[in-house]
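Q: kindly return the folded structure for what I paste below:
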Amino acid sequence: MKKKTIWILLSVLLLSLSASCGWFICRSVFRSGESSGTCGAGDDKITWDLDRKGVLTIQGKGRMQDFSVGGPPWYQKYKNDIQAVIIQDGVINVSPSAFFNCENLITVYISDSVTSIGDAAFEMCENLTYVYIPESVTSIGDDAFLHCSSLSEIYLPQGLKTIGSEAFRGCRNLTEISLPDSLSQIGEETFWGCDGLTEMKIPQNITCIPMRAFLSCINLNEITIPENVTEIKDCAFRGCDQLTDVTILQKECRIEAIDGEPAFPQQATIHGYADSTAEAYAETFGLPFEAIS
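A: Below you'll find the model as predicted:
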């Protein structure tokens with residue numbers, strides 16, 4: 001239902017952009033005369049076109065080229081003109097740094113031929129509000145949505161396997177995100193500073209909660225670490241000021257505290273099995289412990 005709602009909102013926004021055009025954007029793109037070109041990797045025939053409404057369309061068949069060095073061809077002249085991005089069927093990736101710091105970008109539609117979202121693809125898009133990610137996407141790269149501070153909810157597809165380091169760091173208004181059961185890896189600092197998150201379900205395929213993964217998620221109030229998780233890195237939930245209950249279901253889970261920096265805040269009650277590493281951790285750091293049966 002949430003996925004359908006997001007798609008409806010995206011459709012409305014794209015239609016509104018098609019029906020009206022802000023004076024600055026029309027003037028800027030119209031006067032340039034160079035608002036289209038190629039952006040395919042190698043011999044792949046991928047093209048881009050930015051229209052007068054601020055809609056950037058990527059189309060063709062194959063891979064977009066890597067823009068992590070040098071930036072995309074639309075960056076210098078048009079990055080502030082882009083309000084919407086449509087990646088059409090046939091394109092198989094969103095390339096690294098493709099839309100880095102497009103500060104007026106609001107909405108993104110990605111077709112179901114895309115399988116990966118590259119590093120820093122939407123980093124620093126501070127007005128990005130709506131993103132449609134299809135079921136075909138299996139990986140989201142490092143910094144992909146770093147500091148997208150207007151993003152409030154995002155649907156992650158059920159085939160997603162990996163989320164890179166700092167992918168959603170600083171998305172402070174993000175209130176709704178569900179990690180799919182298919183997910184097997186999240187990177188370090190992935191959700192650092194996601195102030196709006198109040199709950200999070202860790203999928204069964206995750207085996208490690210990385211360093212600072214949920215650091216300073218100040219409104220997260222409870223978390224259950226499933227049995228498959230065998231390691232929790234230092235500062236994983238540090239600074240989660242409202243976190244009051246932590247349940248750890250793996251009796252032998254390794255909980256790091258490098259240089260005395262614990263994984264959990266001091267106010268949290270640890271729930272776990274008697275004689276478990278969770279109980280030992282609570283005793284070491286003076287946290288309340290409640291045994292589960």
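Q: check contacts around residue 146.
A: 120, 123, 124, 166, 167, 168, 169, 170 (C-beta atoms under 8 Å, 6 or more residues apart in numbering). Every residue, glycine included, has its C-beta placed from N, CA and C.
Q: now residue 100
A: 67, 71, 75, 120, 121, 122, 123, 124, 125.
Q: phi first, then psi, for residue 260.
A: Taking degrees, to the nearest 10, you get phi 80, psi 10 for the backbone angles of residue 260.
Q: run a quick neighbour tally on it.
A: 7 (other C-beta atoms under 10 Å).
Q: contacts only, for residue 66.
A: When contacts are taken as C-beta under 8 Å, 6+ apart, residue 66 is in contact with 41, 95, 96, 118.
Q: give me the pLDDT for the closest residue to the second one other than its chain neighbours.
A: The spatial neighbour of residue 95 that comes closest, neighbours along the chain excluded (C-beta to C-beta, 6 or more residues apart in numbering), is residue 64 at 3.8 Å. With respect to pLDDT, residue 64 scores 97.
Q: how many residues are close by the closest residue in space to residue 291 that isn't next to it in sequence?
A: With C-beta to C-beta, 6+ apart as the criterion, residue 291 has its nearest non-adjacent residue at 4.6 Å, and that residue is residue 274. By other C-beta under 10 Å, 11 other residues sit near residue 274.
Q: hang on, isn't residue 274 packed against residue 290?
A: No: counting by C-beta atoms under 8 Å, residue 274 sits too far from residue 290 to count as a contact (10.2 Å).
Q: quickly run through the sheet partners of the helix or strand residue 270 falls within, with directions.
A: Using DSSP states H and E, residue 270 falls within strand 269-272. Strand 269-272 pairs in its sheet with strand 245-248 (parallel), strand 289-291 (parallel), by DSSP bridges.
Q: and that strand, how far from the chain's centre?
A: Strand 269-272 has its C-alpha centroid displaced from the chain centroid by 29 Å (C-alpha atoms, centre = their mean, to the nearest Å).
Q: quick one: mean pLDDT for the helix or strand following that strand?
A: Sequence order places helix 277-285 as the next helix or strand after strand 269-272, per DSSP H and E. In this model, helix 277-285 carries a mean pLDDT of 95.
Q: helices or strands next to helix 277-285 in the packing?
A: Applying 3 or more C-beta pairs under 8 Å, 6 or more residues apart in numbering; DSSP states H and E, we find helix 277-285 packed against strand 254-255, strand 269-272, strand 289-291.
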